[in-house]
Structures are given as C-alpha cells and as structure tokens.
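**Q** below are the sequence and a predicted model; questions follow.
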Amino acid sequence: MDFVTMNILESSMVSLCKEMGIVLMKTSYSTIFNEALDFTCGLADMNGDMMAVADYCPAQIGGMPLLIKSCLKEIPIGEIEEGDVILHNDPYRGGLHTPEHTFFKPIFVDGEIMGFAVAIGHIAEVGGMAPGGFCGEATEIFQEGIRIPPVKIKKNGKDNVEVWKLLLANVRTPRVNYGDLRALIAAVDLGEKQMTQIYRKYGKEKIKETVNDLLLYSERRMRAELEAIPDGIYAFSDKIESDGIDAERTYTINVEVHKRGGEIIIDYHGSSPQASGPINATLGVATSAAYNAVLHMTDPTIPRNSGCFRPIRVMAPPGSIVNVDFPAPEVGGNTETHPRIVGTILGAMAPAVPDRVMAAEGATHCNFVFGGVDAETKEFFACYDLEAVGWGGRAFADGNDGVDSINGNCRITPVEVYETRFPWRIESLAFNVDAGGAGQYRGGVGYTKQMLCLNDEIICSQMTDRHLLAPWGLNGGTEGGVGATLVMKAGHNAWQTMREAYGKASTSRYSNVSIRRGDRVRLVTPGGGGYGDPARRDPAAIAEDVREGYVSKEAALKHYGYQEA
Amino acid sequence: MKFSLNGLYIESYTKCANCGVLIYEASAEDAARKKTHDGQTYCSQECVDWKIERDARHAEAAH
C-alpha cells in the first residue's frame, strides 16, 4: 500500500464530500437543509461501494451502499450516460423512508464510468396525507408521500422534464421542493466535477488501486477493533411504546449480536411483526442502524467507507418491525426505530465493551411537522422540525444535553430563523430540570419548547416516542425523563395531550391536528438514562448540577443524598 | 423481486427469510445463490445454515 497517496486521496475525497454538503446547505430552500443539515454526501465506486463520506447524517451514511447497489440492480451500468442524475427514494428497494431522496451522478473519465457522486437529503414535504411528511397515523405507504423508483431526473445533462413535473405536482410546496432538489443536484454536480479532476490528476488506475487499498485498510482496522472485543452472543431487547394506531400495544426490537473474531453479525430475529402504523424500519434502516452502532463502539479514526462495513452482517427478518414489507407504512422507522435499534445493540454490547456504550438516549427526533397557507403571503408552507434530546450517561462522562438523536447529527433550527420562516412565536426554550437519569454519570437533559400559533390555522402532525416508556439507565443508573406534547387552546388555561384535546389514539404519533391562531404547543423532549451507581457520583458534580439548574435540590437529595452546605 | 414483463412495475417482492435482502428474479447471481428450505426462500446456503443453527440454539436454550 502507498500510504502517503492513500492518505492524501482519502482526505481529498472527504473534503470534497464536505464541500458538497456546504453547497447543499447554502443553496437549499428548506430549514431542514440549510439549518438542520439533514443530508449526507459521499463518493462511490462503480460497484456502489462507498469510497468516502462526509460526517453529516449517520442514518444516511450507513444507508448509502444498499441504496446505490439497489439502483444498479435496476439501471445497469451500461445504460448510465455522462450527465445523467438518478433519483431514488423507494423504501422497499434499498431506501430509508419516503422523505429521504437520494441523488447520484456518474463520474466519467475519458468515456469510462468510474463511480458516482452521491447526495441524500430529507425533503421536508413529500405529499401524502399530512403536510411535512410524517403522518403519525398512516397505515400504508401511499399515505406517506410520493414513492420514486430509480429514475433519471437528468439525462445526458438535460432535465428530464416529465419527471420534474410529476414530482412537483405531488407535493404541497413545489417552489421550495424545486429549490431543494436543485440543491441536491448542485451537490452531486460539484462532486462529479471535482472527482473527475482528481481522477485526471492521479490517473484512473492509480485511483482504482488506491481506493481498493483504502477500503482494505478500513476493513483491516475494523476487524482489528472487533477482534479486541470478547467473542460471544450478546442479547438485548427494547420496547417501542405505540405505532400511532394501536396506542396500547408495544413493539419489541430484539437483537442478538454475534461477535466472532473479526466479524460481527446483528440478528434481529424475535423482533415484533411489522406494525400497522408508521414505525416500521426498512432493510436499509436496519442495516444502517447496525453500522451506526458498530461505528459508535469502535475507533472513530477508521476512515468511513464500505471497507469498514465489510465485517458487519445483518439478519433482518422480512415482515417485521426491522424490515417492512410493501405496502406497510415506514416513515418513522428511519427517525424513531433507527435510534432504538442502535440503543438495543449498544445495550447488548454493554457487558463486552462497558466503556464504549451509553445508557439509552432520548432516541427520537420529535418530528413535529406542520403546514398551512401563510396568512400574509398566501403561499403554502411546510416544515419538518426536528428537536434534540438528552443522551445517555457513559462510563466516563455525563450524557450530552440537548443533542439530536444518535442517527441524525443534525442541528436544531435557531429560534430567530424559525420565527422568520414560519408563523410561530417561540415563547420559551429551556432545558428540563431532573430529566437526566441519575448515575455516577447522569443522563443528558432534553428541553421544552413552547410555541404560539400566529396563523389562522397550522396543520400539525408528529412522529415521536418516549412519552410513556422512559430511556433506560445502565449499570445502576436510573431512567431518564419522558417527553410530552401538549396543547393549550386559545382562551383556555390548561395544557392537554393530543389525545385529550383532539381524541387521537396516541399522544406521540398523530396526524393533521388543526392548531388555530392563539393556540399554544409545548414540545417536551426526553432525557437520557444515567450510567453507574448514583452513590458514586462526584459530590462536586452534584453541587454543580444543582447550581446550574440541571437537578433540583429535592431530586439531588433523593438520588444522591445531597445536602446543601 | 419480480418485475412486470414491460419492466414498469413490481409484481412481487421476494426476500430472504433469514437476512431479509431482496432476491431479484432477473439476477443470474441471485438465482445461482438462492436456496429453498422448509418451503421458504433464502438468498444463500449460508442463510439456511444460520437459520438452522439459530433454531437449534434456541431450542436448546428453551430446555
């Protein structure tokens, strides 16, 4: 291996992927892109193996290889021309969920296809039964927005106008969608252009050889990491509280992690059959979640490419909550079930690598989506708003406070932008007290966001979790705080759940609630579980928590025996 | 996974009963690897073996 060239090439490709993301961020229209950064950019070889990715959204990073390989099964390499851009979002053939739109553009050098520039982004409005793409009560895919098999949105450098028309006729916000889709294309355009230059600079054969070495290097380092973990079968299970249809039912995620030498097999058999409501994960999600969990337990300096995924295998039974069959709904699988799968794998591996896992995190993106006609502009608006949660305590530190769930790595839209773009006033945004599970290292806390509706009507839906089942603690740590969504109608003075106010089956998953001018909505996000025996917590840390308002004096006394000096 | 004769839509989805990957009817590679066991379709012998081992292990644990 030529390590010098390999290192330079790897850094160049990762920088390019990051630059693709910056182009996407700066040219897109939606807050989910330009503020939350809910996208990922990468470069693949002609077999669909990832050569490099930028560290944006882990759910999409792990989903990329299956997505591209699935497309290549349907569009043979020989039918792909220079200047083509392929679009795909189909959850049943490699996709993650309907909002996740994947674009890839072939990289041609001297008439030979060398690979692909890839961009995946979460389009905020995709049609379907609810504005904003998350229909908490969907019972089939057709309610969840437009489904796009692998199609060429550009052919030989020219727009495929028929595809554009079809896409934009099926969403509520065509102007904004057009801008976002163009931004994704701009990202792959940049990737294709600059990667072509890299191929010309080093030569095709040198790049091929070096990329092979790079993937092998990542694979070897990942296998070495796995070999250091004791062999065995590690099992764990967790429960999801509802599917939005049957609010009283819980759904099991079951994992057996088989650690054998330098490989790891994640077997999900024993998980619940697929749900009626939209909490089902696709195979792409189940695969990506397995990759995500393993990456969290291993050396973060291993170059992220398909090489480090080679030692990881996934067994996801069809027709289950971790591998949905057509035409069951699936939109929450990518945002809610993915982090729960990761948490379940980390829980299983806790006995083997206690210093590399954490207690349960909030494991929801809260997914408060809304839309309506703006009273001033008369234009339809839609927003996919994600919110942050507390993460679990670890063997060496407290959980993070107010961070996007483990598969998102997204930012929270700033209050000022939120109020500028949408007809809400944010009346308060504050960390929750006593929401992090107690422990030697306490769980991170979530927060409460209170909003006042400034439009005649805003149609709201939500796909969240953890209203009933709290994030578990680990190794003696206690549970983190649960979340809630509450509404106070104009002229009233009592907060109600969506079930109480609108008769919804579930408090955490619902669709098309009509919020009127003067109504208030309060989003409470869950905290993380604590890690280790609370009795072992550093007294100085307890005092600081009380002083800073993370823990009340009463809770400090209850969990830690704390007495103010 | 089976496409219609005109290739415009999917007629049926076939997944490996163990690992859950799609098995493409038109793929020679998939066709060469796939196996049938106890009336179910698997993407490979490896997945059949895995299923048998898992069943045996769980049966033993239940006793």
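**A** Arrived safely, thanks for sending.
**Q** name the residues of chain B found near chain A, please.
**A** B:1, B:10, B:13, B:15-22, B:24, B:27, B:47, B:50, B:54 (CB under 8 Å from any CB of the partner chain). C-beta coordinates here come from the backbone N, C-alpha and C atoms, glycine included.
**Q** which among those residues end up buried?
**A** B:1, B:10, B:15-22, B:24, B:47, B:50, B:54 (16 or more other CB atoms under 10 Å in any protein chain shown).
**Q** just the residues you listed: which are in helices?
**A** B:47, B:50, B:54 (DSSP state H).
**Q** and residue B:13, what does it touch?
**A** Taking CB atoms under 8 Å, 6 or more residues apart in numbering or on different chains as the criterion, residue B:13 is in contact with A:92, A:325-326, B:1, B:22.
**Q** tabulate the residues you listed (a markdown table), appending distance to residue A:181 and pLDDT.
**A** What follows is the contacts of residue B:13, written out as a markdown table (distance: CB to CB, whole Å; pLDDT from 0 to 100):
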| residue | distance to residue A:181 | pLDDT |
| --- | --- | --- |
| A:92 | 22 | 97 |
| A:325 | 29 | 98 |
| A:326 | 25 | 98 |
| B:1 | 27 | 95 |
| B:22 | 26 | 97 |
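**Q** ok, which pair from those is furthest apart?
**A** A:325 and B:1 (11.7 Å; CB to CB).
**Q** show me where the stretch 151-300 of chain A has its helices.
**A** A:161-168, A:174-202, A:204-227, A:283-297 (DSSP state H, counting those that start in this stretch).
**Q** for residue A:27, which of those is the nearest?
**A** So among the helices of the stretch 151-300 of chain A, helix A:174-202 is nearest, using CB to CB, at 4.3 Å.
**Q** what angle do the closest one and helix A:204-227 make?
**A** 110 degrees (axes from the mean of the first three to the mean of the last three CA atoms, to 10 degrees).
**Q** how about helix A:174-202: buried residues?
**A** Within helix A:174-202, judged by 16+ other CB under 10 Å, the buried ones are A:174, A:176-177, A:180-181, A:183-192, A:194-196, A:198-199, A:202.
**Q** filter those residues down to the ones close to chain B.
**A** Okay, of those, nothing touches chain B (CB under 8 Å from any CB).
**Q** so residue A:239 touches residue A:251, yeah?
**A** Yes. Using CB atoms under 8 Å, residue A:239 is in contact with residue A:251, at 6.8 Å.
**Q** neighbour count: these two, which is higher?
**A** residue A:251 (23 against 14; other CB atoms under 10 Å in any protein chain shown).
**Q** okay, and the beta partners of the more buried one?
**A** residue A:240 (DSSP bridges).
**Q** so which bits of chain A are right by chain B?
**A** Near chain B, when you scan chain A using CB under 8 Å from any CB, you find A:70, A:73, A:92-94, A:267, A:269, A:283, A:286, A:313-318, A:323, A:325-326.
**Q** give me the subset of those that lies in helices.
**A** A:70, A:73, A:283, A:286.
**Q** if I pick the last one, what's in contact with it?
**A** Counting by CB under 8 Å, 6+ apart, residue A:286 touches A:268, A:314, A:316, A:322-323, A:341, B:20.
**Q** farthest-apart pair in those, please.
**A** A:341 and B:20 (13.4 Å).
**Q** mean pLDDT per helix and strand in chain A: which one sits at the bottom?
**A** helix A:58-74 (a mean of 91; mean pLDDT, DSSP states H and E).
**Q** what about the strands in chain B?
**A** B:2-3, B:10-12, B:35-37, B:40-42 (DSSP state E).
**Q** just the ones you listed: most buried one?
**A** Ranked by average neighbour count under the criterion mean count of other CB atoms under 10 Å in any protein chain shown, the strands of chain B are headed by strand B:40-42 at a mean of 18.
**Q** outside of it, which residues touch it?
**A** B:14-18, B:23, B:34-36, B:48, B:51.
**Q** can you list the strands that that strand pairs with?
**A** By DSSP bridges, strand B:40-42 pairs with strand B:35-37 (antiparallel).
**Q** burial count for residue 28?
**A** You didn't say which chain, so I picked chain A. 26.
**Q** not quite, go with chain B.
**A** Around residue B:28 there are 8 other residues, counting by other CB under 10 Å.
**Q** over to residue A:121?
**A** For residue A:121, the neighbour count with other CB under 10 Å is 29.
**Q** assumed it was part of a strand.
**A** Yes. Checked against DSSP: H, G, I helix; E, B strand; the rest coil, residue A:121 lies within a strand.
**Q** who is it paired with across the strands?
**A** Residues in a beta bridge with residue A:121, per DSSP bridges, are residue A:39, residue A:101.
**Q** for it, which residues are in contact?
**A** A:24, A:28, A:33, A:38-40, A:100-101, A:103, A:180, A:183-184 are the contacts of residue A:121 under CB under 8 Å, 6+ apart.
**Q** quick revisit: tilt between the least confident helix or strand of chain A and helix A:283-297?
**A** Using the same axes, to 10 degrees: helix A:58-74 against helix A:283-297 is 140 degrees.
**Q** what's the helix or strand just after helix A:58-74 packed up against?
**A** Later in the chain than helix A:58-74, the nearest helix or strand by DSSP states H and E is strand A:85-88. Helices and strands touching strand A:85-88, by 3 or more CB pairs under 8 Å, 6 or more residues apart in numbering or on different chains; DSSP states H and E, are helix A:58-74, strand A:100-109, strand A:151-155, helix A:174-202.
**Q** mind redoing it with 7 Å?
**A** Using 3 or more CB pairs under 7 Å, 6 or more residues apart in numbering or on different chains; DSSP states H and E, the elements in contact with strand A:85-88 are helix A:58-74, strand A:100-109, strand A:151-155.
**Q** need those in JSON lines with distance to residue A:144 and mean neighbour count, can you?
**A** Formatted as JSON lines, these follow (distance: least, CB to CB, whole Å; neighbours: other CB atoms under 10 Å in any protein chain shown):
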{"stretch": "helix A:58-74", "distance to residue A:144": "17", "mean neighbour count": "25"}
{"stretch": "strand A:100-109", "distance to residue A:144": "12", "mean neighbour count": "25"}
{"stretch": "strand A:151-155", "distance to residue A:144": "18", "mean neighbour count": "19"}
